[in-house]
Structure formats: C-alpha cells, structure tokens
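[1] Build me a structure from this.
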Amino acid sequence: MDLLDAAPIKAYGYELGFDLVRITGAEAFPETERVIKDRIAAGLMDGLPWFTSERAEVSCHPDALLPEARSIIALAMCYLSEPPEEPQDDLPRGRISRYAWGEDYHEVIKPKLKQFAEWLREYARREAGHELEARLFVDTGRMVDRAVAQRAGIGWYGKNTTILTRGWGSWVFLA
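    Numbers count the residues shown, from 1 in each chain. Alright, predicted model coming up:
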C-alpha cells in the first residue's frame with residue numbers, strides 16, 4: 001500500500017479529542033519483551049495469571065496482532081482535572097484516583113477509536129485505493145501501549161514506569 005499522508009491522520013485524531021497523536025513503525029519491541037519476561041521470571045507479576053511470557057511474545061510483536069501492520073498510531077488523552085472542593089466538615093473521607101472521577105475512560109475512548117478506524121479505512125480507500133485493516137487497543141488489549149507511546153514520541157518512561165508527556169505529565173490515557 002502507498003504511504004498515506006500523516007498530516008490529515010493526525011488532524012483527525014486531534015479533531016476527535018485526543019491531545020497527542022503520533023505515528024510509528026510496527027516493528028517488534030524486543031527490549032520491552034525482555035523486560036516483561038524478566039519481571040515475570042522474578043515473580044513481579046504474581047497475582048496476574050493472565051500476564052504470561054506467551055502474552056508478552058504476542059504483545060511485543062505487532063505482526064502477531066495484525067500480520068500486515070506497517071504503522072501504529074499512538075494516541076494520548078489528558079484526564080487532568082481540578083480537584084473537588086475540600087469539605088467544610090471534619091468527617092472522614094476516602095480518596096478516589098483522578099482517572100476514575102469521570103466516566104469510564106474505556107467507554108470514552110473506544111467509540112472514538114472506532115470512529116477513527118472507520119475514518120482511516122475511508123481515507124485509505126479514497127487516497128490510495130486500498131483496504132486498510134486496523135486493530136484498536138486501550139489498556140485492556142494486548143498491545144504494549146507504553147512502549148508504543150515512547151517509540152512514537154508521545155512521551156518517555158518515568159521512574160514509576162508510566163509514560164510522562166510534555167504538558168500533561170503522566171495524566172494521560174493511552175490508546
């Protein structure tokens with residue numbers, strides 16, 4: 001397939017409400033695979049029985065998820081919001097992580113990803129005369145989203161292993 005112009009793709013991602021839109025190659029992530037397997041071997045993934053070496057082999061090889069993959073679109077959406085006002089009484093209160101303050105982010109991002117994929121398919125038909133295949137991943141999918149985000153230039157790994165971005169720090173959802 002001929003390469004598609006990245007500018008309209010990125011522009012549409014921003015139009016959908018993503019704060020960062022980058023594109024990278026679909027080559028394997030061997031270093032990420034090694035790190036994941038080392039963490040599994042060291043017992044650092046205990047309690048996550050689904051997180052296996054076999055899963056790492058698939059997750060770190062985009063061609064195992066989509067054999068004809070040539071590019072990966074990395075997206076980030078900021079969820080930083082103002083904290084609620086402090087209560088005026090002295091009653092005990094719990095705290096909820098900011099990412100959980102609003103609607104379930106999977107339910108916010110997935111429809112946008114589906115809309116993006118449909119637009120991409122139409123764009124590829126119109127501009128290159130080809131059918132485009134797409135797979136959609138939010139953090140519950142098999143793609144190593146942080147490794148993709150780093151390679152694509154969304155951000156870099158922080159000491160806490162999350163992706164840090166310019167302007168939003170780690171306050172982003174990745175897709």
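[2] hey, let's count contacts and neighbours off CA atoms from now on
    OK.
[3] What sits closest to T162 if chain neighbours are left out?
    Of all residues not flanking T162 in the chain, S170 sits nearest, at 6.5 Å (C-alpha to C-alpha, 6 or more residues apart in numbering).
[4] which phi and psi does the one you found have?
    With angles defined as degrees, to the nearest 10, S170 sits at phi -100, psi 10.
[5] what's the burial count for it?
    Per other C-alpha atoms under 10 Å, the neighbour tally for S170 reads 20.
[6] In contact with it, which residues are there?
    Neighbouring residues of S170 by C-alpha atoms under 8 Å, 6 or more residues apart in numbering: T162, I163, L164.
[7] what helices or strands is the longest helix seen in the chain leaning on?
    Counting by DSSP state H, the longest helix found in the chain is helix 105-128. The helices and strands touching helix 105-128, judged by 3 or more C-alpha pairs under 8 Å, 6 or more residues apart in numbering; DSSP states H and E, are helix 6-15.
[8] So which residues make contact with the helix it packs on?
    L20, V21, R22, I23, L75, F116, L120.
[9] ok, the fourth one - contacts?
    Right, I23. Contacts of I23 (C-alpha under 8 Å, 6+ apart): A6, S71, I72, I73, A74, A152.
[10] Check those residues for burial and list the buried ones.
    I72, I73, A74, A152 (16 or more other C-alpha atoms under 10 Å).
[11] Now the lowest-mean-pLDDT helix or strand in the chain: buried residues?
    Least confident helix or strand, the chain: helix 53-59 with a mean of 92, by mean pLDDT, DSSP states H and E. For helix 53-59, the neighbour count (16+ other C-alpha under 10 Å) marks S53, A56, E57, V58, S59 as buried.
[12] mind checking the backbone torsions on T52?
    phi -110, psi 170.
[13] burial measure for the residue nearest to it when sequence neighbours are not counted, as a count.
    Of all residues not flanking T52 in the chain, I40 sits nearest, at 7.2 Å (C-alpha to C-alpha, 6+ apart). Residues lying near I40 (other C-alpha under 10 Å) number 17.
[14] May I have the residues that are in contact with I40?
    I40 neighbours (C-alpha under 8 Å, 6+ apart): D46, F51, T52, S53.
[15] Filter those residues down to just the buried residues.
    Using 16+ other C-alpha under 10 Å, the buried members of those are S53.
[16] in the chain, which spans are strands?
    Along the chain, counting by DSSP state E, strands occupy 20-25, 71-78, 156-157, 163-164, 172-174.
[17] helices and strands around the longest one, which ones?
    Contacts of strand 71-78 with other secondary structure elements, assessed using 3+ C-alpha pairs under 8 Å, 6+ apart, are made with strand 20-25, helix 145-152, strand 172-174.
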